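Curious how this folds, go ahead:
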Amino acid sequence: MDRVFLDANVLFSAAYRSNSGLLRLWALEDCALYSSRYAIAEVAANLDEDSQRERLDNLCKTLTLVDAVSIKLPHGIVLPEKDVPILAAAIKADASHLLTGDVRHFGRYLGRRISGVLVQLPGEYLKAR
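Below you'll find the model as predicted:
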């Protein structure tokens with residue numbers, strides 16, 4: 001079973017539109033979805049409409065939440081401070097995958113495993129499934 005950690009931008013995209021293709025993640029079999037309160041708070045702060053916030057609330061009901069406050073990143077991994085809690089929580093959750101659309105900050109790690117967590121674009125993950 002895949003243990004998939006969702007970055008804030010993936011949650012945002014899923015909640016933003018009622019017909020988002022990322023909603024397919026919630027329908028996958030043999031897939032447990034994870035995220036963090038940190039990611040959810042970032043998403044909630046950036047959604048404008050009540051319907052989007054409601055969609056986020058509904059999506060979050062099926063997530064397992066894992067937060068990491070003080071986990072150090074592995075040697076050689078460099079991320080902006082705001083992204084460290086995302087990768088740290090994915091590692092703490094023992095996730096098999098971290099799905100992110102943040103190519104700017106996670107781009108150099110796409111397709112790589114960091115402490116057992118494969119960093120992937122959501123579309124790549126869905127294609128492979």
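
How far does the one helix or strand residue 58 maps to sit from its chain's centre?
Taking DSSP states H and E as the criterion, residue 58 maps to helix 50-60. On the basis of Cα atoms, centre = their mean, to the nearest Å, helix 50-60 sits 16 Å off its chain's mean C-alpha point.

Off-centre distance for the helix or strand following that helix?
Per DSSP H and E, the first helix or strand lying C-terminal to helix 50-60 is strand 64-65. A distance of 11 Å separates the centroid of the chain from that of strand 64-65, by Cα atoms, centre = their mean.

now for the helix or strand following strand 64-65, which elements pack on it?
Moving toward the C-terminus from strand 64-65, the next helix or strand (DSSP H and E) is helix 84-92. Judged by 3 or more Cβ pairs under 8 Å, 6 or more residues apart in numbering; DSSP states H and E, helix 84-92 is in contact with strand 2-6, strand 31-35, helix 37-46, strand 97-99, strand 117-120. From N, CA and C alone the C-beta is placed, and that goes for glycine too.

Nothing else from me, thank you.
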